[in-house]
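[1] have a look at this prediction, sequence included:
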Amino acid sequence: MPSLMEGSFHKGMIQAEFTRKAKVLLLSVS
């Protein structure tokens, strides 16, 4: 169970980082 939670949290962190980079990219383009 803990490993599953850890994996889900890690995936969430990656998604958050990707979203942040995408926003910065969109702002710099426009």
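    In hand now; what should we look at?

[2] where do the helices of this structure begin and end?
    For the chain, the helices defined by DSSP state H cover 2-29.

[3] any weak-confidence spans in it?
    Counting by pLDDT under 70, the ranges of the chain that qualify are 1-2.

[4] quick one: Gln22 and Leu4, what's the gap?
    Quick fix: residue 22 reads Ala, not Gln. Distance, Ala22 to Leu4, by CB to CB, to the nearest Å: 27 Å. Heads up, the C-betas are built off the backbone N, CA and C, glycines and all.

[5] please disregard the earlier target; I meant Thr19.
    According to CB to CB, Thr19 and Leu4 sit 23 Å apart.

[6] cool, Gln15 as well?
    Using CB to CB, Gln15 is found at 17 Å from Leu4.

[7] with Gly12 instead?
    Distance from Gly12 to Leu4, by CB to CB: 13 Å.

[8] likewise Arg20?
    As judged by CB to CB, Arg20 and Leu4 stand 25 Å apart.

[9] number of nearby residues for Ala16?
    Neighbours of Ala16 under the rule other CB atoms under 10 Å: 10.

[10] and it, what does it touch?
    Ala16 sits next to no residue when contact means CB atoms under 8 Å, 6 or more residues apart in numbering.

[11] and it, how close does it get to Val29?
    Ala16 sits 21 Å away from Val29, going by CB to CB.

[12] next: Gly12.
    26 Å.

[13] what do you get for Glu17?
    19 Å.
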